[in-house]
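# Fold the following, please.
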Amino acid sequence: MRTTPAISLLTLCALPGTAAAGDPLPSWGEGATKKAIVDFVERVTGEGGAAFVPPAERIATFDNDGCLWAEQPMYFQAIYIFDRIRALAPVHPEWKRQEPFASVLRGDTKGALAGGERALLEMAMATHADITADEFDQHVRKWLATARHPETGRPYQAMVYQPMLELLAYLRANGFKTFIVSGGGVDFIRTFAEEVYGIPPEQVIGSSIKAKYQLVDGTPRIVKVPQLNFVDDKSGKPVGIHQHIGRRPIFAAGNSDGDFEMLEWTTTGPGARFGLLVHHTDAGREWAYDRDSHIGRLGRGLDEAPKRGWTVVDMENDWKVIYPPARGPEE
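Next up, the predicted model:
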């Protein structure tokens, strides 16, 4: 996979014509949302101020699907899983008669996902396990290098949100350490997080299957095992943060009710706190969905955000652009 286009996503706001002088968030429209973010950052970084937070405690956590990159018409990792099922089908003839695999092979996406989270986990374990961690990494990178979004035709790495890339860069420029805390597979996200978001693999928390250490012909390797290890969603997110980071964040961003507990855990701590929800309201440039969506459902978050002091991003009105500009024919 070429790294140049991905790395360029991290530097867009520094390129000529992409940022107004002194504006750290050029793709964000002027208004209450942008002001709330900037005011918070200035408060917690202002030495001597009542809300000052030492750099070591400036932890910011971000959901991935629907928060940092798009998630429609279904999670991108699910699309990868479906592609792997089709690729592995010749050595698994039983899948033609076994659900949810049979639905995938028939092209029945709705049927394949009818079993909900359990069905998706079953497919993930079947396609992600019994290979080494290095082999899995190679499979995902090869897929990302050629796969394209079914509606936009863009590489999946180019389906990231330019305003959120700027927000990540802005926070890091002000001493924050940024983490991804996602219900998606941790090993899947780690293949592109550093190149696309500037977030190294050790700062990615996600769902996982078990793994084991093996020594084969004197060579050590990590092998992925078809057993569920951890689901990093809903109440699992604060647990994952506690176990992997060891500090309560002061900034948390998500887009669905699966992120509710992460924002709740973050914003009920002492001192200055910030909770951000990305509300998908832009049917023209992206998608508009919330309470009734088959994925990324946002209902409780919308209801409780005002009384909890959370900032809700109106994508249509708060973001000047959605995606980074296309880099060339490959996109």
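# center of this protein, which residue is that?
Asn64 (1.1 Å; CA atoms, centre = their mean).
# how about the strands in the stretch 201-331 of the chain?
Secondary structure of the stretch 201-331 of the chain (DSSP state E, counting those that start in this stretch): strands at 204-216, 219-230, 251-254, 274-281, 288-289, 311-314.
# my guess is the residue nearest to the centre of the chain contacts Ser182, does it?
Yes - using CB atoms under 8 Å, Asn64 is in contact with Ser182, at 3.9 Å. (Glycine included, C-beta is placed from N, CA and C.)
# Touching both of the two, which residues are there?
The contact sets of Asn64 and Ser182 overlap at 189, 206 (CB atoms under 8 Å, 6 or more residues apart in numbering).
# and of the strands of the stretch 201-331 of the chain, who's closest to Met125?
Smallest distance to Met125 across the strands of the stretch 201-331 of the chain (CB to CB): 4.2 Å, for strand 219-230.
# what packs against that closest one?
Secondary-structure packing of strand 219-230 (3 or more CB pairs under 8 Å, 6 or more residues apart in numbering; DSSP states H and E): helix 116-128, helix 133-146, strand 204-216.
# mind listing what's buried in that strand?
Neighbour-count burial for strand 219-230 flags 223-224, 230 (criterion: 16 or more other CB atoms under 10 Å).
# which one in this structure is furthest away from the centre?
Distance from the C-alpha centroid of the chain, by CA atoms, centre = their mean, peaks at Asp217 (37.5 Å).
# Let me see the contact set for that residue.
Contact partners of Asp217, counting by CB under 8 Å, 6+ apart, are absent.
# circling back to that earlier point, just say which of the strands of the stretch 201-331 of the chain is most tucked in.
Most buried of these, by mean neighbour count (mean count of other CB atoms under 10 Å): strand 251-254, with a mean of 29.
# List the strands paired with that strand, with their directions.
If you go by DSSP bridges, strand 251-254 pairs up with strand 59-62 (parallel), strand 274-281 (parallel).
# what residues are up against Arg300?
Here Arg300 is in contact with 257, 260 (CB under 8 Å, 6+ apart).
# now swap in Gly309 and tell me
267, 275.
# Then Ala70?
Ala70 makes contacts with 76, 149, 159, 161, 286-287, as judged by CB under 8 Å, 6+ apart.
# Check Gln72 too.
151, 286-287, 289, 295-296.
# Using a markdown table, please lay out those residues together with distance to Glu135 and pLDDT.
What follows is these, written out as a markdown table (distance: CB to CB, whole Å; pLDDT from 0 to 100):
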| residue | distance to Glu135 | pLDDT |
| --- | --- | --- |
| Glu151 | 30 | 96 |
| Glu286 | 34 | 98 |
| Trp287 | 34 | 98 |
| Tyr289 | 35 | 98 |
| Ile295 | 28 | 92 |
| Gly296 | 30 | 95 |
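# Just give me the closest of these to Gly246.
Gly296 (28.7 Å).
# between the contacts of Ala70, which has the most around it?
Greatest neighbour count in the contacts of Ala70, by other CB atoms under 10 Å, goes to Tyr161: 24 neighbours.
# ok, that one touching Val313?
No - contact criterion CB under 8 Å: Tyr161 and Val313 do not qualify, at 9.7 Å.
# who touches both of the two?
Shared contacts of Tyr161 and Val313, defined by CB under 8 Å, 6+ apart, comprise 278, 319.
# care to break this protein down by domain?
For the chain, automatic domain parsing gives the domain ranges 26-71+154-318, 76-146.
# Quote the end-to-end distance of the shortest one.
So that's domain 76-146. Taking CA to CA, to the nearest Å, the first and last residues of domain 76-146 lie 14 Å apart.
# What of the first one?
Counting by CA to CA, the length from the leading to the trailing residue of domain 26-71+154-318 is 11 Å.
# Stretch 248-257 now?
End-to-end distance (CA to CA), stretch 248-257: 19 Å.
# Which among the strands of the stretch 201-331 of the chain is found nearest to His244?
The closest of the strands of the stretch 201-331 of the chain to His244 is strand 204-216. By CB to CB, the value is 5.0 Å.
# How about Met123: what's its closest non-neighbour residue?
Closest residue to Met123 apart from its sequence neighbours, by CB to CB, 6 or more residues apart in numbering: Ile81 at 5.0 Å.
# which phi and psi does the one you found have?
When read as degrees, to the nearest 10, the backbone of Ile81 gives phi -60, psi -40.
# Roughly how far does it sit from Gly184?
Distance of Ile81 to Gly184, given as CB to CB, to the nearest Å: 11 Å.
# swap in Glu195?
Glu195 sits 16 Å away from Gly184, going by CB to CB.
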